[in-house]
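[1] no sequence for this one, just the structure:
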């Protein structure tokens, strides 16, 4: 999941404004963004990573105690 979440910041500028709504073909960057889930996928994956990080922090704290 962390891998999925890392995709979005790396590719946030990949011609996402070239959506093809003006009659032109959409950019490859836009198509890839959508295949990875688009803005909704980014939001979801970031939430999952936050939850995983919180779980990992709890586990690490419990190991120290």
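    Nice, thanks for sending it over. If you're wondering where the values come from, they're calculated on a predicted model, not measured in any experiment.

[2] Tell me which other helices or strands the longest helix anywhere in the chain touches.
    Counting by DSSP state H, the longest helix found in the chain is helix 38-64. Contacts defined by 3 or more Cβ pairs under 8 Å, 6 or more residues apart in numbering; DSSP states H and E place helix 38-64 against helix 2-11. Every residue, glycine included, has its C-beta placed from N, CA and C.

[3] Check which element follows the helix it packs on along the chain.
    Under the assignment DSSP states H and E, the closest C-terminal helix or strand after helix 2-11 is helix 28-35.

[4] Could I get the buried residue list for that next one?
    29, 30, 31, 33 (16 or more other Cβ atoms under 10 Å).

[5] so where is the chain shaky, pLDDT-wise?
    Filtered on pLDDT under 70, the chain yields no residues whatsoever.

[6] And residue 22, how close does it get to residue 16?
    To residue 16, residue 22 is 14 Å away according to Cβ to Cβ, to the nearest Å.

[7] Tell me which of these two has more neighbours.
    residue 16 (17 against 7; other Cβ atoms under 10 Å).

[8] just checking, the more buried one touches residue 33?
    Yes. Using Cβ atoms under 8 Å, residue 16 is in contact with residue 33, at 5.7 Å.

[9] pretty sure residue 18 contacts residue 27?
    Yes. Counting by Cβ under 8 Å, residue 18 sits close enough to residue 27 to count as a contact (3.7 Å).

[10] before we move on, the earlier item: can you state the direction angle for the longest helix of the chain and helix 28-35?
    Helix 38-64 runs at 60 degrees relative to helix 28-35, counting by axes from the mean of the first three to the mean of the last three Cα atoms, to 10 degrees.

[11] any idea how far helix 38-64 is from the chain center?
    What separates the centre of helix 38-64 from the centre of its chain is 13 Å, taken as Cα atoms, centre = their mean, to the nearest Å.

[12] Kindly report the same for stretch 54-65.
    Counting by Cα atoms, centre = their mean, stretch 54-65 comes out at 25 Å from the chain centroid.
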